[in-house]
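Visitor: What follows is a predicted protein model with its sequence.
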Amino acid sequence: MNHQQNNQEPQAPQVMWLAFVPRDALHFRDGRSFEAGESARVLYPRPSTVAGAVGAALGHEAGTVRGPLPASRLRGREDWKMYFPLPADVVPTKDGKWTRLRPIRSAATTDLHDPGMVLLSAPKAEAPAADRWWSAQKLQTYLSDSVDLARRAEVDHSPFVLEHRTGIARDNRTVLDAHLYSNEFLRLSESAHTEWAILAQCVLTTGLRPAPARAVRWGGEGRMADVEVVSCPMEWPRPPDTFPGGRVLVYLATPGIWRTRAPGGQWRTGWRPPLPANAVLRAAAVPGAEAIASASPRPDGTVRDVWQRWAVPAGSVYLIEFGGDDPETAAAEWAHRVHGTALEAQTAAPGSASHRLATAGFGLILTGRWND
């Protein structure tokens, strides 16, 4: 009897992009209590919210979701143009232009310093500008370390418009006394010629390519978003081919939540990304931490698995350097492998909190190069 061996290779995961077009203003909060005097604020769509929308659209969890990121296109066209948070080491100057922070040698230190770390600075640099964005094409130029900020910075304002709405609290058919409130909402920019959406890359490990639902609940209770499969080719800004001196720039495209175990055994959320053993952190541009909250709904309308953690904001930049006998080869291999992925998606134990955060889209990185 002849036995035939099955030599078929495992089917590669299929990748699809989904565009979510909100029908109304969006309302995502940071998880703090909604009471008078509290400092809760509205936030941009977070990875956990878009991962939930992807699951609702597909009817099951996608293997990995990467995003979300805003994108625009001309009405009637199919090609989307993605936008990314401005890197934190690109800052305005006192004369109204833009510059890039570079590593400098200084005697000053902080309590976060490790041996070999340096500060980032630039002449006439001001505080980082809030809520600025770059196109994918401009970000790719930045990753190759060839961006010319003095001539063409091309920094865009936010695609989101902040709306303030006033509401009341009701008790049956009457208004509760002293319960007039104001709240913030976000709306994507609108014009007669341009439309905006929130894009997410979905890696389907099941080998299937289901047709997603045409609309899902998203953006707050009772709000809907239309779902569209992106038909035009989409890709992340490409990394450089080489990394001189073994130097790699790590750009954070979505908020990062990196958890490490403290000496006492407790899990801690920190600002440092997980790096390979042969790489060291030389410098970082990290704005203030931001609160991330999430909850999983139950069919009866209640929620489960409610959590809140501090996250490293999108746009943060890390400058790392590889060592060893051939640092440039090691840097290129690592940078090309992790580019366009979440750092812990491949290394964390499946089913762990770190793995679920990574596969939901937290900590999406793009790699580039840097010099002094």
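Guide: That came through fine. Residues are numbered from 1 along each chain as shown.

Visitor: For the residue most central in space within the chain, identify the helix or strand it belongs to.
Guide: Nearest to the geometric centre of the chain sits T254, at 1.1 Å (C-alpha atoms, centre = their mean). Secondary structure assignment for T254, by DSSP states H and E: no helix or strand.

Visitor: for S182, same thing?
Guide: According to DSSP H and E, S182 maps onto strand 174-188.

Visitor: any idea whether G264 is helix, strand or coil?
Guide: Of the three states, G264 takes coil under DSSP: H, G, I helix; E, B strand; the rest coil.

Visitor: E78 now?
Guide: Here E78 is coil, with the state taken from three-state DSSP.

Visitor: now it: how far from A225?
Guide: 19 Å (C-beta to C-beta, to the nearest Å). Every residue, glycine included, has its C-beta placed from N, CA and C.

Visitor: any chance you could map the helices in this protein?
Guide: 47-58, 136-143, 327-338, 353-359 (DSSP state H).

Visitor: circling back: tell me what the strand holding S182 is packed against?
Guide: Counting contacts by 3 or more C-beta pairs under 8 Å, 6 or more residues apart in numbering; DSSP states H and E, strand 174-188 packs against strand 42-43, strand 160-171, strand 194-204.

Visitor: pull the CA atoms of it into CSV?
Guide: The C-alpha trace of strand 174-188 is given here as CSV (Å, rounded to 0.1, in the frame of the first residue of the first chain):
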residue,chain,number,x,y,z
THR,A,174,-38.7,65.3,34.4
VAL,A,175,-35.2,66.8,34.5
LEU,A,176,-33.2,66.1,37.6
ASP,A,177,-32.3,69.3,39.5
ALA,A,178,-28.7,70.6,38.9
HIS,A,179,-28.0,67.9,36.3
LEU,A,180,-27.1,70.1,33.3
TYR,A,181,-23.7,68.9,31.9
SER,A,182,-21.4,69.6,29.0
ASN,A,183,-19.4,66.8,27.3
GLU,A,184,-16.9,66.5,24.5
PHE,A,185,-17.3,64.5,21.3
LEU,A,186,-15.0,64.0,18.3
ARG,A,187,-16.0,64.2,14.7
LEU,A,188,-13.9,63.4,11.7
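
Visitor: So which residues make contact with it?
Guide: By C-beta atoms under 8 Å, 6 or more residues apart in numbering, the list of residues contacting strand 174-188 from outside reads 22, 24-28, 36, 41-42, 44, 70, 159-170, 196-198, 220.

Visitor: Tell me the buried residues within these.
Guide: Neighbour-count burial (16 or more other C-beta atoms under 10 Å) applied to the contacts of strand 174-188 gives 22, 25-28, 42, 44, 70, 159-160, 196-198, 220.

Visitor: Export those to a markdown table and append columns for pLDDT and distance to R102.
Guide: Below are the buried ones among the contacts of strand 174-188 laid out as a markdown table (pLDDT from 0 to 100; distance: C-beta to C-beta, whole Å):
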| residue | pLDDT | distance to R102 |
| --- | --- | --- |
| P22 | 92 | 39 |
| A25 | 83 | 40 |
| L26 | 83 | 37 |
| H27 | 77 | 40 |
| F28 | 74 | 35 |
| V42 | 64 | 35 |
| Y44 | 81 | 29 |
| P70 | 96 | 29 |
| P159 | 92 | 29 |
| F160 | 91 | 31 |
| W196 | 95 | 34 |
| A197 | 95 | 36 |
| I198 | 95 | 33 |
| G220 | 73 | 42 |
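
Visitor: Looking at the residues you listed, which is nearest S294?
Guide: Of all the buried ones among the contacts of strand 174-188, S294 sits closest to F28, with 10.1 Å by C-beta to C-beta.

Visitor: S72 against W133, yeah?
Guide: No. Contact criterion C-beta atoms under 8 Å: S72 and W133 do not qualify, at 10.6 Å.

Visitor: Need the residues touching each of the two.
Guide: Common contact partners of S72 and W133 (C-beta under 8 Å, 6+ apart): 83, 159.

Visitor: quick one: T260 and H355, what's the gap?
Guide: 14 Å.

Visitor: out of the two, which sits in the more crowded spot?
Guide: Neighbour count, other C-beta atoms under 10 Å: between T260 and H355, H355 has more, with 17 against 12.

Visitor: So that one sits against A348, correct?
Guide: Yes. Assessed by C-beta under 8 Å, H355 is found in contact with A348 at 3.9 Å.

Visitor: which regions of this protein lie under the pLDDT threshold?
Guide: 1-12, 29-42, 109, 111-113, 206-209, 221, 295-304 (pLDDT under 70).

Visitor: Got the domain ranges for it?
Guide: Per the record, the chain has its domains at 14-83+160-229, 85-157+237-368, by automatic domain parsing.

Visitor: First-to-last residue distance for the longest one?
Guide: Okay, so that is domain 85-157+237-368. End-to-end distance for domain 85-157+237-368: 15 Å, by C-alpha to C-alpha, to the nearest Å.
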